[in-house]
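Colleague: here you go, sequence then predicted model.
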Protein chains: 2
Amino acid sequence: MSTLAAVDLRGETVVLRRARADDVAAIVALLAADELGAARDGVRDAGDLAAYAAAFRAIDADPAHILLVAELAGQVVGTMQVSFLPGLARRGALRAQVEAVRVAESARGSGLGAAMMGWAIEEARRRGCVLVQLTSDKSRTGAHRFYQRLGFVASHEGMKLAL
Amino acid sequence: MSTLAAVDLRGETVVLRRARADDVAAIVALLAADELGAARDGVRDAGDLAAYAAAFRAIDADPAHILLVAELAGQVVGTMQVSFLPGLARRGALRAQVEAVRVAESARGSGLGAAMMGWAIEEARRRGCVLVQLTSDKSRTGAHRFYQRLGFVASHEGMKLAL
């Protein structure tokens, strides 16, 4: 089975598991529901759907990436991608990188985000990573406080160049 | 051949090429020569050397990563890792991530850093990436200005959790 963890939140069981191809629509809906993602994500036509499906296959085929969903009562209520990246720096350290963390409006405040990140941090330790890294848009000040409570330090500038 | 590009800098030809196993010591020396890397990198014993060699093999074996060196007159004077990461966000966009950019003291101010980044940006375009991303320690203000001149925007907080 693809279950990674089961967590109890407010007396309900949320299953963290690897995403399947048939979860892609629900994940895209979470990405598009986000204030910054609204302009960038969503399915307008078959071309978009094909692009998301191709990206899913690329992620799913590579053991360096885990695309995770959180399922509650048959509904996808959260998602996150964790990638494990080799590098020479820091004595040849493996690092875990977290991208595209989203929790459904209905599940906010339940501790789901912390449970998902807690799983990612434990998995990073299990694989021998020396650090977990992520970038968060500077407008997401609530998210920064959330990550700081988990122990993250905003030590770096996150720089992006659109092509 | 592993040559990726040849660039003319001040009348001398610098070759950008994929790193080989026998470049690892020179790359580690560049990482350790850095003010922040001095405490984190360097070869103290055979264990360190084995860790760097293992990381090199992991990078080299995976086509998602390119570990590059810049060679001038037989000497390694620069290094950079570029990784190509699939994700669902931004309509299933591939993104390029740049890590561990270093230029030898002797080659600073020659335009080598810009040439290396220019190559990375072109390679990212060629592979269909929609963005290039990197994080840079907040103390490296000169580096931030350099990346901004290349078009990067410091839009994100770069957050790290040491394990």
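Modeller: That came in fine, so what should we check first?
Colleague: who's in contact with the closest residue to A:Glu105 other than its chain neighbours?
Modeller: Here the nearest residue to A:Glu105 in space, its sequence neighbours aside, is A:Ala33; by Cβ to Cβ, 6 or more residues apart in numbering or on different chains that works out to 6.9 Å. To be clear about C-beta, it is placed using only N, CA and C from the backbone, and glycine gets the same treatment. Counting by Cβ atoms under 8 Å, 6 or more residues apart in numbering or on different chains, A:Ala33 touches A:Arg102, A:Ala104, A:Glu105.
Colleague: with pLDDT and neighbour count as added columns, please give these in TSV.
Modeller: Conversion of the contacts of A:Ala33 to TSV gives the following (pLDDT from 0 to 100; neighbours: other Cβ atoms under 10 Å in any protein chain shown):
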residue	pLDDT	neighbour count
A:Arg102	96	22
A:Ala104	96	19
A:Glu105	94	9
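Colleague: tell me the pLDDT at A:Leu163?
Modeller: If you check A:Leu163, the pLDDT there is 97.
Colleague: that one contacts B:Glu123, doesn't it?
Modeller: No - checked against Cβ atoms under 8 Å, the pair A:Leu163 and B:Glu123 is beyond contact range at 10.9 Å.
Colleague: secondary structure element for the residue positioned nearest the centre of chain A, which one?
Modeller: Taking Cα atoms, centre = their mean as the criterion, A:Met80 is the residue nearest the geometric centre of chain A, at 1.4 Å. Element membership of A:Met80 [criterion: DSSP states H and E] is strand A:75-85.
Colleague: what do you get for A:Leu36?
Modeller: Using DSSP H and E, A:Leu36 sits within no helix or strand.
Colleague: so what's it up against?
Modeller: Here A:Leu36 is in contact with A:Asp137, A:Ser139, A:Arg140 (criterion: Cβ under 8 Å, 6+ apart).
Colleague: likewise A:Glu99?
Modeller: By Cβ under 8 Å, 6+ apart, the residues touching A:Glu99 are A:Met80, A:Gln81, A:Val82, A:Ser83, A:Leu134, B:Leu85, B:Gly87, B:Ala89.
Colleague: pLDDT and distance to B:Gly11 for the residues you listed - can I get that in TSV?
Modeller: Compiled in TSV, those are given as follows (pLDDT from 0 to 100; distance: Cβ to Cβ, whole Å):
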residue	pLDDT	distance to B:Gly11
A:Met80	98	50
A:Gln81	98	46
A:Val82	98	47
A:Ser83	98	41
A:Leu134	98	43
B:Leu85	98	37
B:Gly87	97	42
B:Ala89	93	44
